[in-house]
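K.L.:
Show me how the following folds:
(chains A and B)
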Amino acid sequence: EPEVTQTPSHQVTQMGQEVILRCVPISNHLYFYWYRQILGQKVEFLVSFYNNEISEKSEIFDDQFSVERPDGSNFTLKIRSTKLEDSAMYFCASSGQGNYGEQFFGPGTRLTVL
Amino acid sequence: QKEVEQDPGPLSVPEGAIVSLNCTYSNSAFQYFMWYRQYSRKGPELLMYTYSSGNKEDGRFTAQVDKSSKYISLFIRDSQPSDSATYLCAMDNGNNRLAFGKGNQVVVIP
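P.N.:
Presented below is the predicted three-dimensional model:
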């Protein structure tokens, strides 16, 4: 069964460093998303991406964040200058055209900022 | 008022019991309703997806939506120890921006 994959599974970084989280969405999906989950809190929407541009972004997704689809398979989230409060699980998700809401999630990348 | 409310209190049930979970919401624009299952340190796994009021059944799982009361439920029949996980409700108003509840931790005791 096709699935969303994410790398790395765990990333440790120093405050102020840049990180890039990588995702490979399900191959025939056209909509891509990033969510995050701070320990003990809700899963929160960050950004959605369709047709090589951002469709929606939340107030969390400020200028420190960017997304890119560098090729036909990868979808990345970059955090330019990490802060302690960026420590969280980051989930990538994808959905097919027309399947509003049926988003399939990857296993997540645990980001720890020291 | 929070957009999606889900009582996060842990729920322990004996194997074979019916598990009943629910969420309330305040945004009447929500059209699509989902239940996800999340095992510890894993990503949310889509269990049920519905977009209308009423019941939807899939095996041992039944999702119920009452748009007039802004209330959704998930029932798990004949619960198994493998059902032990956190269950998240999620909602979408059509912009693909899911709003999640906090999650219910369920423990099924053999």
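K.L.:
How about the residues of chain A by chain B?
P.N.:
With C-beta under 8 Å from any C-beta of the partner chain as the criterion, chain A comes near chain B at residues A:4, A:6, A:31, A:33, A:35, A:41-45, A:48, A:55-56, A:58, A:89, A:91, A:95, A:100-108, A:110. Where you see a C-beta, it was placed from the backbone N, CA and C, and this is true even at glycine.
K.L.:
go again using 7 Å as the cut-off
P.N.:
Contact residues (C-beta under 7 Å from any C-beta of the partner chain) of chain A with chain B: A:31, A:42-43, A:45, A:48, A:56, A:91, A:95, A:100-108.
K.L.:
Show me which of those are buried.
P.N.:
Neighbour counting by 16 or more other C-beta atoms under 10 Å in any protein chain shown classes A:31, A:42-43, A:45, A:48, A:91, A:95, A:100-108 among the residues of chain A next to chain B as buried.
K.L.:
Mind checking which of those residues land in strands?
P.N.:
Secondary structure from DSSP state E places A:31, A:43, A:45, A:48, A:91, A:95, A:104, A:105 of those in strands.
K.L.:
quick one: the fourth one and residue B:96 touch, right?
P.N.:
Yes - distance between residue A:48 and residue B:96: 5.3 Å, which falls inside the contact criterion (C-beta atoms under 7 Å).
K.L.:
Find residues that contact each of those two.
P.N.:
Common contacts of residue A:48 and residue B:96 (C-beta atoms under 7 Å, 6 or more residues apart in numbering or on different chains): residue A:31.
K.L.:
dump the residue contacts of residue B:105.
P.N.:
Counting by C-beta under 7 Å, 6+ apart, residue B:105 has contacts B:10, B:11, B:86.
K.L.:
One more: residue B:20?
P.N.:
B:73, B:75 are the contacts of residue B:20 under C-beta under 7 Å, 6+ apart.
K.L.:
same question, residue A:75
P.N.:
Contacts of residue A:75 (C-beta under 7 Å, 6+ apart): A:23, A:25, A:32, A:49, A:67, A:69, A:92.
K.L.:
Need the nearest residue in space to the most centrally placed residue in chain A, chain neighbours excluded.
P.N.:
The centre of chain A sits closest to residue A:34, judged by C-alpha atoms, centre = their mean, with a distance of 3.1 Å. Nearest residue to residue A:34 in three dimensions, chain neighbours excluded: residue A:46, at 4.3 Å (C-beta to C-beta, 6 or more residues apart in numbering or on different chains).
K.L.:
Give me the local confidence score for the one you found.
P.N.:
With respect to pLDDT, residue A:46 scores 97.
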